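Q: I'll drop the sequence and a predicted model, then ask my questions.
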Amino acid sequence: MISRIELRADSSAQSGFTLLEVMLAVVIIGTVFVACLTLVNQSIHSQSRVENITTATMLARHKMSELEAEARRGFSTNPEESGTYEEPYSQYAWEVEYLPTPLDEVLQIRVSVRWGTSERNEEVVIDSFRYN
C-alpha cells in the first residue's frame, strides 16, 4: 500500500505549472510583445519617410520638366527661384538654382524640394545640365 500512495504523490506533483514557470512565460511573452510593437512603430515611421521622399522626388522631377519646357520655348532663366506647392502638397517647398560649370556653354540646373520642420528639414535634390 505504501507504494500505491507514493505513485499518487508522484503523479499529482507533476500536473500543472508552478508559479515560477507561469511568471517566466509572462515575462517572455511581454518581451516579445514589446519587441513586436517597436518593429511596427519603426515600420510605420519608415513607410511615412519613404512616402515623403517619393512625393518630393515626383515634385522635383515635375519642376525640372517645367524648367526644361521653358528653356525649349526660349524663356530666360532667373538666377534663383523658390516657392511652395499648392494643396495637397503645401508642406513641400521648392528652390531652383542655376549654377555655372567649367564649360561656358553648359549650365547646371539644381531643383531642391524640402519638407518637414525647421529642426528636421529633409530635402531631395535633382541636378540637370543644359547646353546653351
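A: Arrived safely.
Q: ok, now how distant is the residue nearest in space to the middle of the chain from Gly74?
A: Closest to where the C-alpha atoms of the chain average out (C-alpha atoms, centre = their mean) is Arg49, at 2.0 Å. Here the distance between Arg49 and Gly74 works out to 40 Å (C-beta to C-beta, to the nearest Å). Where C-beta positions appear, they are placed from N, C-alpha and C, glycine not excepted.
Q: cool, Leu59 as well?
A: In this view, Leu59 and Gly74 are 25 Å apart by C-beta to C-beta.
Q: returning to that earlier point: for the residue nearest to the centre of the chain, what are its contacts?
A: Not one residue lies near Arg49 by C-beta atoms under 8 Å, 6 or more residues apart in numbering.
Q: distance between the strand or helix carrying it and the chain's centre?
A: Of the helices and strands defined by DSSP states H and E, Arg49 is found in helix 19-73. Computed by C-alpha atoms, centre = their mean, to the nearest Å, the chain-centroid distance of helix 19-73 equals 4 Å.
Q: any idea of the mean pLDDT for that helix?
A: Mean per-residue pLDDT for helix 19-73: 93.
Q: From the contact counts, what lies against the next helix or strand after that helix?
A: Once the chain leaves helix 19-73, the next helix or strand it forms, by DSSP H and E, is strand 80-84. Here strand 80-84 touches strand 93-100, going by 3 or more C-beta pairs under 8 Å, 6 or more residues apart in numbering; DSSP states H and E.
Q: burial count for Trp115?
A: Neighbour count of Trp115, defined by other C-beta atoms under 10 Å: 20.
Q: Please apply the same query to Tyr89.
A: For Tyr89, the count of nearby residues is 17 (other C-beta under 10 Å).
Q: need the contact list for it.
A: The neighbourhood of Tyr89, defined by C-beta under 8 Å, 6+ apart, consists of Thr55, Leu59.
Q: So it, which state does it fall into?
A: Judged by DSSP: H, G, I helix; E, B strand; the rest coil, the three-state class of Tyr89 is coil.
Q: likewise Glu119?
A: Counting by three-state DSSP, the backbone at Glu119 sits in coil.
Q: Sounds good, over and out.
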